[in-house]
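1. Could you look at this predicted model? Sequence included:
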Amino acid sequence: MPHDGIIYLDHAATSWPKPPEVFAAVKRALGPAGGNPHRSAHRLALEAARLVLEARSAVASFLGAGDARDLLFVPGCTFGLNMALKGLLGAGDRVVISSVEHNAVMRPLAVLEAHGVEVVRMPVDGAGRVDLDAAEAIIAAGKTKAVVCQHASNVTGAIQPVADLADIAHEHGAVLVVDGAQAAGHLRVDVRALGADVYVASGHKGLLGPQGVGVVYLAPGLELPELVQGGSGGESVSPAMPDARPDRYEAGTPPVPAIAGLAAGVGVLARELDAIMAHERRLVQRLVDGLLEVPGIAVLGPAPGEERAPVVSIIHESVEPDRIAYELDSRFGIAVRSGLHCAPAAHASAGTLETGAVRFSVGRGVTEDDVERAVEAVREVCQA
Amino acid sequence: MMLRFVVYGFGTTHDALAAEKALADAGIPVAAVPTPKSLGALCGIAVRTALEDAERTESVLSASGIAWTGRVEIEDRVPGDLSR
């Protein structure tokens, strides 16, 4: 369905439009629950604090975290991954990562590598999935402290065998850190069933919330140093952050409107996830089939019919990705993303580091008609 | 008339508000209040229930896995909103 004349196929960047429930929740957080949640104890502040408590419980339940205190609100997925990586790893440590990680993992690791962390990459197969046999050999080849892997690729949509990686990591004494940016809200995520020690997700992508909040699941017993120190609302005479979760990891005033909106988005997903997943699978199938019928187009990642997150990236034999994206927007009102998608490692693996690709990513609210129109528009752009 | 309460302090606001919810869900009149100085430098929000409900309060909190880190009995002329 076009919104304001837009066919929005950039859900992997951020979901849009947000459900009406999200708008309502943000409004409540700016109005009757507009106090500072963890500071004062007057009614406005208490309403804000209750809102954060309910939100934490709802998101924790949706993601399968047993205790809501293990579910931390952070400014975003990138922040959460920085917190996990910089908290876990120091000079002399060895970390094993997939060779298709996003810059939210690669760039903090580049800094850590410069400070003496050994970074080793696991290869992926032609569809962009981690090769488990190779992964086990690499993880076992040294004293690996952590294994880091995305749950789903923002470039190819490939879904990684996260539960198997967790087993391998644990067998060799390592913890598993999962970047769930493209999975949460699009796949059924149960952090404990997956065996993730740290699972990080964005609040504004598949989880349908506003920008400005992400979540970190931190397994019980795994203590990381906090990345940021500041006011926590309690134990104020101590120069150190309190040990207790979630306060230790949430210094400063939390983004209550974003948290409220996130909880509302998760509320929608808790009711509709199965239907959304089935809908997205149909849209992706139609996109892949339709785009492959356009002469000169290749689809990156998993083969047609194979499971993938709702992301489809293409290249054309002669028309540049930026040209396709620009014409889709300017001539047809279709929003997609071209370029490297902040994931040069994934593009290097797919052989598209030089060209980039055009990414179509669908979500709740996208219709089959939207997808048909996008395919026809691509055909027209590439024929010219 | 002075009323008698027990005020419970917690390590985090999350625990304080979770305690408030657990007690309210159990039908125990409870109020979230600013943490009194006598409880020390805990989180800024405490909860209080009537002294006669202390045993039930502590039983509900224990069953909910919420540990209070401070406890003080007070008298107060303000009844507070114990309805939630």
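-> It's in.
2. Under the pLDDT cut-off, which ranges of chain B? List them.
-> Across chain B, residues meeting the criterion (pLDDT under 70) sit at B:41-42, B:79-84.
3. Next, work out how far apart the residue nearest the centre of chain A and A:Leu300 are.
-> Central residue of chain A (CA atoms, centre = their mean): A:Ala181, 0.5 Å from the mean position. Using CB to CB, to the nearest Å, A:Ala181 is found at 18 Å from A:Leu300. In short, each C-beta sits where N, CA and C put it, glycine included.
4. do A:Ala196 as well
-> For A:Ala196 relative to A:Leu300 (CB to CB), the value is 26 Å.
5. These two: which has the busier surroundings?
-> A:Ala196 (29 against 25; other CB atoms under 10 Å in any protein chain shown).
6. Just give the nearest non-adjacent residue to the more buried one, would you?
-> A:Val178 (4.6 Å; CB to CB, 6 or more residues apart in numbering or on different chains).
7. Next: B:Ser38.
-> B:Ser38 sits nearest to B:Val72 (CB to CB, 6+ apart), 5.0 Å away.
8. residues touching the one you found, list them.
-> B:Val6, B:Val7, B:Gly9, B:Pro36, B:Ser38, B:Leu39 (CB atoms under 8 Å, 6 or more residues apart in numbering or on different chains).
9. go on, B:Val47?
-> By CB under 8 Å, 6+ apart, B:Val47 lies in contact with B:Val7, B:Tyr8, B:Phe10, B:Ala16, B:Ala19, B:Glu20, B:Leu23, B:Val30, B:Ala31, B:Ala32, B:Val33.
10. Now narrow those residues to whatever sits close to chain A.
-> Filtering the contacts of B:Val47 for proximity to chain A by CB under 8 Å from any CB of the partner chain leaves B:Phe10, B:Ala16, B:Glu20, B:Ala32, B:Val33.
11. Can you get me a residue count around residue 23?
-> Defaulting to chain A. Count around A:Phe23 with other CB under 10 Å applied: 14.
12. Let me rephrase: I mean chain B.
-> Residues lying near B:Leu23 (other CB under 10 Å) number 26.
13. ok, now A:Val120?
-> Counted with other CB under 10 Å, A:Val120 comes out at 15.
14. Tell me the spacing between it and chain B.
-> Distance, A:Val120 to chain B, using CB to the nearest CB, to the nearest Å: 38 Å.
15. Kindly report the same for A:Gly230.
-> From A:Gly230 to chain B the distance is 15 Å (CB to the nearest CB).
16. so what's that residue scoring on pLDDT?
-> pLDDT, A:Gly230: 92.
17. what sits against the residue nearest to it when sequence neighbours are not counted?
-> Distance criterion CB to CB, 6+ apart; nearest residue to A:Gly230, sequence neighbours excluded, is A:Ala251 at 3.5 Å. Contacts for A:Ala251 (CB under 8 Å, 6+ apart) come out as A:Glu226, A:Val228, A:Gln229, A:Gly230, A:Gly231, A:Ser232, A:Met241.
18. Please pick the buried ones from the residues you listed.
-> Among these, those classed as buried by 16 or more other CB atoms under 10 Å in any protein chain shown are A:Glu226, A:Ser232, A:Met241.
19. Also within reach of chain B: list those from those residues.
-> A:Ser232.
20. okay if I get the buried ones among the contacts of A:Ala251 as JSON lines plus secondary structure?
-> Output for the buried ones among the contacts of A:Ala251, formatted as JSON lines (DSSP: H, G, I helix; E, B strand; the rest coil):
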{"residue": "A:Glu226", "secondary structure": "coil"}
{"residue": "A:Ser232", "secondary structure": "coil"}
{"residue": "A:Met241", "secondary structure": "coil"}
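21. out of the buried ones among the contacts of A:Ala251, who's nearest chain B?
-> Proximity of these to chain B (CB to the nearest CB) peaks at A:Ser232, which lies at 7.9 Å.
22. burial count for the closest residue to the closest one other than its chain neighbours?
-> Leaving aside its chain neighbours, A:Ser232 sits nearest to A:Asp247 (4.4 Å; criterion: CB to CB, 6+ apart). A:Asp247: 25 surrounding residues under other CB under 10 Å.
23. before we move on, what about the one 10 residues further on?
-> Here the neighbour count serves as a burial measure; for A:Pro257 (other CB under 10 Å) it reads 24.
24. What of A:Lys27?
-> 15.
25. Could you confirm it falls within a helix?
-> Yes. According to three-state DSSP, A:Lys27 belongs to a helix.
26. What distance do you get for it to A:Leu53?
-> 19 Å.
27. doesn't A:Cys382 make contact with A:Glu327?
-> No. Using CB atoms under 8 Å, A:Glu327 makes no contact with A:Cys382, being 9.4 Å away.
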